[in-house]
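[1] this is a predicted model, with the sequence first.
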Amino acid sequence: MTSARASHARGLFDSIAGAYELPAEILGLGQYHRWRREMAAGLDLTPKSLVLDVATGTGLVAREILKTFDVRVVGLDQSAEMIREASARAVDNFMLVRGDGQRLPFADERFDAVTFTYLLRYVDDPAATLAELVRVLRPGGHMASIEFGVPSNKLVRKAWEAYALLLFPAAARAVSPGWRQVGTFLGGSIATFDHHFPPEQLESLWRAAGMHGVRTKRMSLGGGVVTWGRKRG
């Protein structure tokens, strides 16, 4: 059964799939591509590795990985509209599967690496979802993620709040009705998630799920959080 949280996320991303990449980059103040590039550069992948990219959206992270490495990527997303847009941007060695990151339709230890972006705010149980992601990762495989963050510096945080809670919603309203929904929701969602799951807490959840060597890099004054780790065994 699909949860209310998952249904909300699917509706949100279905509504902006047709006009996602450029508005996201502009509204993200040109920072999102830097986070993707940093995450991909920090992966340790051998040629022909099989990578699972969860919450792949239109495939931005998958395409960044394929630009960086000679690998194959399976992109998974629960949004049919995002899958459709990703298909329209198809590149070699990129396959798509519609599915839920909380219940992956893959065998244990199927992948050499797993990546995911902006996922854990949309699931019912982040710890259980991390365990599910680690389940399909082979022992010794690499996992990496991107999440939004809230700056810890008080002055920077005030500026972040002004943008995320006031300017971003106003700008998003001008893009489309779908982006209006995102603008209304996103800033508060980021702040709430960061309160309950700050980067240090997320690192603990990664370790509890079976990862080691977990490290986090805060980017863009704390607005972006990139995390890497390797599966024990």
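    Perfect, I can see it now.
[2] could you pull out the strands for the chain?
    For the chain, applying DSSP state E gives strands covering 50-54, 72-77, 94-98, 111-117, 137-148, 211-219, 224-231.
[3] turn those into CSV, including distance to Phe193.
    C-beta coordinates here come from the backbone N, C-alpha and C atoms, glycine included. Listed next are those as CSV, based on distance: least, C-beta to C-beta, whole Å:
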stretch, distance to Phe193
strand 50-54, 17
strand 72-77, 19
strand 94-98, 25
strand 111-117, 14
strand 137-148, 8
strand 211-219, 15
strand 224-231, 11
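[4] out of the ones you listed, nearest to Pro198?
    Taking C-beta to C-beta, strand 224-231 is the member of these nearest to Pro198, at 9.0 Å.
[5] okay if I get the strands of the chain as JSON lines plus mean pLDDT and mean neighbour count?
    Output for these, formatted as JSON lines (pLDDT from 0 to 100; neighbours: other C-beta atoms under 10 Å):
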{"stretch": "strand 50-54", "mean pLDDT": "98", "mean neighbour count": "25"}
{"stretch": "strand 72-77", "mean pLDDT": "97", "mean neighbour count": "24"}
{"stretch": "strand 94-98", "mean pLDDT": "97", "mean neighbour count": "16"}
{"stretch": "strand 111-117", "mean pLDDT": "98", "mean neighbour count": "25"}
{"stretch": "strand 137-148", "mean pLDDT": "97", "mean neighbour count": "21"}
{"stretch": "strand 211-219", "mean pLDDT": "97", "mean neighbour count": "15"}
{"stretch": "strand 224-231", "mean pLDDT": "98", "mean neighbour count": "22"}
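[6] to Ala4, which of the ones you listed lies closest?
    Among those, strand 72-77 sits nearest to Ala4 (C-beta to C-beta), with 18.6 Å.
[7] let's see the closest one as CSV, backbone CA atoms only.
    Provided in CSV are the C-alpha atoms of strand 72-77 (Å, rounded to 0.1, in the frame of the first residue of the first chain):
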residue,chain,number,x,y,z
ARG,A,72,25.7,1.2,-16.5
VAL,A,73,23.0,3.0,-14.5
VAL,A,74,19.5,1.8,-13.6
GLY,A,75,17.4,4.8,-12.7
LEU,A,76,14.4,4.2,-10.4
ASP,A,77,11.6,6.7,-9.7
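[8] direction included, what does it pair up with?
    strand 50-54 (parallel), strand 94-98 (parallel) (DSSP bridges).
[9] and Glu38, what does it touch?
    Listed by C-beta atoms under 8 Å, 6 or more residues apart in numbering, the contact set of Glu38 reads 217, 219, 226.
[10] list the helices and strands the lowest-mean-pLDDT helix or strand in the chain packs on?
    The weakest-scoring helix or strand in the chain, judged by mean pLDDT, DSSP states H and E, is helix 4-16 (a mean of 88). Judged by 3 or more C-beta pairs under 8 Å, 6 or more residues apart in numbering; DSSP states H and E, the packing partners of helix 4-16 are helix 80-88, helix 177-196.
[11] in the protein, which residue is most central in space?
    Among the residues of the chain, the one closest to the centroid is Thr117, at 0.7 Å (C-alpha atoms, centre = their mean).
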